[in-house]
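> Here's my sequence, what's the structure:
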Amino acid sequence: MSEITDRLWEDYQAFCARDLSQIDVAYLFCDAIFESLRRYGAKEAILVCWCITTSGHKVLLHLAVGDKESETCWTEFFRGMISRGLRVPVSVTADGAPGLINAIGVCFGRSIRIRCWFHRMGNILAKVPEEGRAELAAHLRAVRDAPTPDSGRAAATDLVNRFEDAFPAATSCFTEDLDALLGHLRLPARHRIFCRTTNLIERSFEEERRRTKVIPRFTDERSAMKLVFAALIRCSQRWSRVSITDIERHQLYLLRQELRIDPPPAMREKEDRSRRRKTA
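Here you go, the predicted structure:
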């Protein structure tokens, strides 16, 4: 058993050092999970990053210990991946942790930042009496599911005008990070459901918690990282990919141009060939 776990630690170290330049990242997802360490008697954050590639594969990119979800920890986490060749993503989906938001701005300033709708709707509806939640939730879904960014902003304005007097705390929470809430509406229509929440990363955490819930505390940091890595890399190897059509890849290429993000060489070559055929 010791030999197996030692080999797992070696696999984790190789995972953290691997080249990321060949991974064609389209959408990035970031969050943290907290585990208890017996030695210190407190929970320690494990920072995790997943992506969906242009080919639709769900890939675990990196995980590392952070003493807390601070801007410094997240910035160091992102820069470590960038130094290994991580390409600038089209979008980054995250919750509302201030340190994480600031780090995304520092490291991926050109990417579209998307605020997780699941977490945000929970925050908003928690500020409303139970009898008013159904109506407000319907208007929130109208904003979330709008066909275009402009129509989403119009639906948001209608929501604020309708509810700001009755539920000022909820409407203030809604407008606090509105641009990020509407960010997913700039993506290809079929991709929005995958990118508007951190569900991808939360599902991987569920698999991890199934294995750690029977352990009151880990003995040390290494034992925690080995188990978390083993659970998450298994998800990455077994999960099915997202279907992405050639038309949607072209939409991503145009969106990258709009955001001034360099497309992967293979995508650029394909677009160039397509353009030459059309002009021939």
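
> Name the SS class of the residue lying closest to residue 27 once chain neighbours are set aside, please.
Take residue 27 and drop its neighbours on the chain: the residue closest to it by CB to CB, 6 or more residues apart in numbering is residue 52, 4.5 Å away. (Each C-beta comes from the backbone N, C-alpha and C, glycine too.) Assigned state for residue 52: strand (three-state reduction, DSSP: H, G, I helix; E, B strand; the rest coil).

> Please name the bridge partners of residue 52.
Bridge pairing for residue 52 (DSSP bridges) gives the partners residue 27, residue 58.

> so how many other residues sit close to residue 208?
Residues lying near residue 208 (other CB atoms under 10 Å) number 23.

> Now find how far off-centre stretch 80-96 is within its chain.
Distance, stretch centre to chain centre, for stretch 80-96: 9 Å (CA atoms, centre = their mean, to the nearest Å).

> Quote the end-to-end distance of it.
Counting by CA to CA, to the nearest Å, you get 22 Å between the two ends of stretch 80-96.

> how about the residue nearest to residue 27, what does it touch?
Residues near residue 52 by CB atoms under 8 Å, 6 or more residues apart in numbering: 26, 27, 29, 58, 59, 194, 195, 200, 242.

> Among these, which pair sits farthest apart?
The span of these, defined through CB to CB, is set by 59 and 195 at 14.8 Å.

> which one of the two has more residues nearby?
residue 195 (28 against 18).

> surely that one meets residue 93?
Yes: using CB atoms under 8 Å, residue 195 is in contact with residue 93, at 5.5 Å.

> need the contact list for the residue nearest to residue 174 when sequence neighbours are not counted.
Nearest residue to residue 174, sequence neighbours excluded (CB to CB, 6+ apart): residue 124, at 5.4 Å. With contact taken as CB under 8 Å, 6+ apart, residue 124 is in contact with 136, 140, 170, 173, 174.

> ok, which stretches of the chain are helices?
Secondary structure of the chain by DSSP state H: the helices cover 2-17, 71-83, 98-107, 117-125, 130-144, 149-163, 168-175, 178-181, 192-195, 199-212, 221-238, 246-259, 265-279.

> domains for the protein, by residue range?
Following automatic domain parsing, the chain resolves into domains at 2-116+197-244, 117-182.

> I'd like those laid out as JSON lines, including mean pLDDT and distance to residue 263.
Output for the domains of the chain, formatted as JSON lines (pLDDT from 0 to 100; distance: least, CB to CB, whole Å):
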{"stretch": "domain 2-116+197-244", "mean pLDDT": "87", "distance to residue 263": "9"}
{"stretch": "domain 117-182", "mean pLDDT": "96", "distance to residue 263": "22"}
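
> Could you dump these into JSON lines with distance to residue 254 added?
Formatted as JSON lines, these follow (distance: least, CB to CB, whole Å):
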{"stretch": "domain 2-116+197-244", "distance to residue 254": "11"}
{"stretch": "domain 117-182", "distance to residue 254": "15"}
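
> in this structure, which residue is closest to the centre?
Centroid-nearest residue in the chain, with CA atoms, centre = their mean: residue 29, separated by 1.7 Å.

> Isn't that one up against residue 51?
Yes: in this structure residue 29 lies within contact range of residue 51 using CB under 8 Å: 6.8 Å.
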